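[1] just coords:
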């Protein structure tokens, strides 16, 4: 009803009321739990917008292991980029829902093959 891409039922589940209106805590651009993710990003990642511990985040990055947390109903994509300017991102893993809240993968890289990583999610 609000027109920001967040379903009324989801907003109602976490913020109460009818879900058809917003306030300072429930609007799409708000970070109501202070975890660095907006309400819209929390919806896309299927994380809880009122719990700072529930967020989409890389938690370990090493040569032999990447771990992250996220929601269970979102597609999660881990991407790697060896370009210092970050213009050539390549998906190294796609998790289709349902996904575990805590996930891990081997980046299959060596110390001579430095890279940056990012995590994306949508539903």
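    Ah, there it is. These numbers come from a predicted model, not from an experiment.

[2] only C-alpha atoms for contact and neighbour calcs from this point on.
    Fine.

[3] which residues in the chain form helices?
    Applying DSSP state H to the chain gives helices spanning 8-15, 39-45.

[4] Local confidence estimate at the residue nearest the centre of the chain?
    The geometric centre of the chain, computed from its C-alpha atoms, lies nearest to residue 56 (C-alpha atoms, centre = their mean), at 3.3 Å. Note for residue 56: predicted pLDDT of 95.

[5] pretty sure it contacts residue 67?
    No. If you go by C-alpha atoms under 8 Å, residue 56 and residue 67 don't touch, sitting 10.9 Å apart.

[6] Could you identify which of the helices of the chain is most buried?
    Per residue and on average, the most neighbours among these fall to helix 39-45, with a mean of 23 (mean count of other C-alpha atoms under 10 Å).

[7] what residues does stretch 31-41 touch?
    5-6, 25-30, 49-53, 55 (C-alpha atoms under 8 Å, 6 or more residues apart in numbering).

[8] How confident is the prediction for the nearest residue to residue 72 once chain neighbours are set aside, by pLDDT?
    Distances taken as C-alpha to C-alpha, 6 or more residues apart in numbering place residue 99 nearest to residue 72, at 4.5 Å, with adjacent residues excluded. Note on residue 99: pLDDT of 91.

[9] Now do residue 99 against residue 116, distance only.
    23 Å (C-alpha to C-alpha, to the nearest Å).

[10] With residue 106 instead?
    Distance from residue 106 to residue 116, by C-alpha to C-alpha: 14 Å.

[11] now the helices of the chain as CSV including distance to residue 63 and mean pLDDT?
    Output for the helices of the chain, formatted as CSV (distance: least, C-alpha to C-alpha, whole Å; pLDDT from 0 to 100):
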stretch, distance to residue 63, mean pLDDT
helix 8-15, 38, 94
helix 39-45, 25, 96
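
[12] Same list (those) but as CSV, adding distance to residue 80.
    Shown next, in CSV, are the helices of the chain (distance: least, C-alpha to C-alpha, whole Å):
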stretch, distance to residue 80
helix 8-15, 31
helix 39-45, 19
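
[13] That concludes my questions; thank you for your assistance.
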